[in-house]
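J.: With the input below, show me the fold.
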Amino acid sequence: MREARASLLPPLLAALRRFILEYADERRRHGRLEFHDLLVQARDLLRRDAAARRDVRQQFSHLLIDEFQDTDPLQIEIAALIAGEETDGRPPPWHEAAIEDGRLFFVGDPKQSIYRFRRADISLYQRAQRRFSERTVRLTQNFRSCQPVIDWVNHVFQELMGHGATDGQAAYVPLHALWGPPDGAGDGHELQPSGAAHPLGAPPRAAARSADRSSYHASAGAR
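T.: You can find the predicted model right below:
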């Protein structure tokens with residue numbers, strides 16, 4: 001069965017590739033563009049035209065890419081072409097680009113890397129993190145759940161995910177609850193904040209309302 005599947009895969013992939021390229025040509029002939037076409041054409045323009053790179057680079061002095069775990073190879077290449085140092089000739093591949101300190105900043109959660117069908121791959125996340133990040137800031141404060149819930153989540157997922165295996169598996173990073181267990185559970189008392197870390201010095205209630213992220217990794221000061 002395995003040999004039969006292996007023999008069917010190459011012609012199937014070849015036919016699929018022909019269909020994709022022919023459909024892309026048809027869209028261009030009719031003046032239609034899909035989202036992927038926009039990415040390809042933007043990448044090609046920045047790759048071949050030094051003046052376009054220079055103009056875009058001057059317009060966007062700093063790039064902050066949120067939800068970096070959803071970034072595909074085209075998008076990271078576009079980011080490197082914009083943030084990279086100016087070159088007159090053909091720019092180097094994104095993983096070899098020289099990028100000025102502070103121009104490129106990523107925020108993402110590798111545990112949410114679930115869009116491989118859209119070419120967003122955790123191995124790309126990890127590769128970019130190794131290439132561009134001199135240090136990783138872990139945002140582990142949880143603003144949504146109380147301490148008993150966070151304790152349970154940490155216990156279960158630390159066992160399931162551990163420290164991560166190799167490329168392709170995110171390590172588990174324990175969360176820290178802002179809210180402790182309720183005083184006199186069940187008597188209607190509100191949850192009390194545990195710990196003293198609040199974003200920008202905001203009080204606990206404001207912090208809980210303003211924060212909509214938990215357990216994110218921020219590649220701060222990355223190149």
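
J.: Please compute how far stretch 85-104 lies from its chain's middle.
T.: Centroid separation for stretch 85-104 versus its chain: 20 Å, with Cα atoms, centre = their mean, to the nearest Å.

J.: same check, this time on stretch 124-136
T.: On Cα atoms, centre = their mean, the centre of stretch 124-136 falls 11 Å from that of its chain.

J.: For it, list every residue counted as buried.
T.: The neighbour-count check on stretch 124-136 (16 or more other Cβ atoms under 10 Å) flags 124-129, 131-133 as buried. For every residue, glycine as well, the C-beta is placed using N, CA and C.

J.: and residue 151, how many residues sit next to it?
T.: For residue 151, the number of neighbouring residues by other Cβ atoms under 10 Å comes to 15.

J.: Now it. Nearest residue, chain neighbours left out?
T.: residue 177 (8.0 Å; Cβ to Cβ, 6 or more residues apart in numbering).

J.: got it, and residue 110?
T.: Per Cβ to Cβ, 6+ apart, closest to residue 110 is residue 170, 3.7 Å.

J.: Surely the residue nearest to residue 151 is in a helix?
T.: No - counting by DSSP: H, G, I helix; E, B strand; the rest coil, residue 177 falls outside a helix, being strand.

J.: That one and residue 152 touch, don't they?
T.: No - if you go by Cβ atoms under 8 Å, residue 177 and residue 152 don't touch, sitting 10.9 Å apart.

J.: Those two: who's more crowded?
T.: Between residue 177 and residue 152, counted using other Cβ under 10 Å, the more crowded position is residue 177 (25 against 11).

J.: Quick check: beta-bridge partners of that one?
T.: residue 142 (DSSP bridges).

J.: Can you tell me how far it is from residue 78?
T.: Using Cβ to Cβ, to the nearest Å, one gets 38 Å for the distance from residue 177 to residue 78.

J.: Same question for residue 148.
T.: The value you get for residue 148 to residue 78, if Cβ to Cβ is used, is 44 Å.

J.: quick one: low-confidence ranges for this protein?
T.: Applying pLDDT under 70 to the chain picks out residues 117, 164-167, 182-223.

J.: contacting residues for the most centrally placed residue in the chain?
T.: The residue lying closest to the centre of the chain (Cα atoms, centre = their mean) is residue 68, at 1.4 Å. Taking Cβ atoms under 8 Å, 6 or more residues apart in numbering, we find residue 68 in contact with 106-108, 125, 128, 219.

J.: All the strands of this protein, residue numbers only.
T.: Applying DSSP state E to the chain gives strands spanning 63-65, 104-108, 137-139, 141-146, 176-179, 216-219.

J.: who does the first one touch, helix- and strand-wise?
T.: Pointing back at strand 63-65 there. Where contact means 3 or more Cβ pairs under 8 Å, 6 or more residues apart in numbering; DSSP states H and E, strand 63-65 is packed against helix 73-83, strand 104-108.

J.: Redo those as CSV? Include distance to residue 8 and mean neighbour count.
T.: Formatted as CSV, the helices and strands packed on strand 63-65 follow (distance: least, Cβ to Cβ, whole Å; neighbours: other Cβ atoms under 10 Å):
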stretch, distance to residue 8, mean neighbour count
helix 73-83, 27, 21
strand 104-108, 36, 22
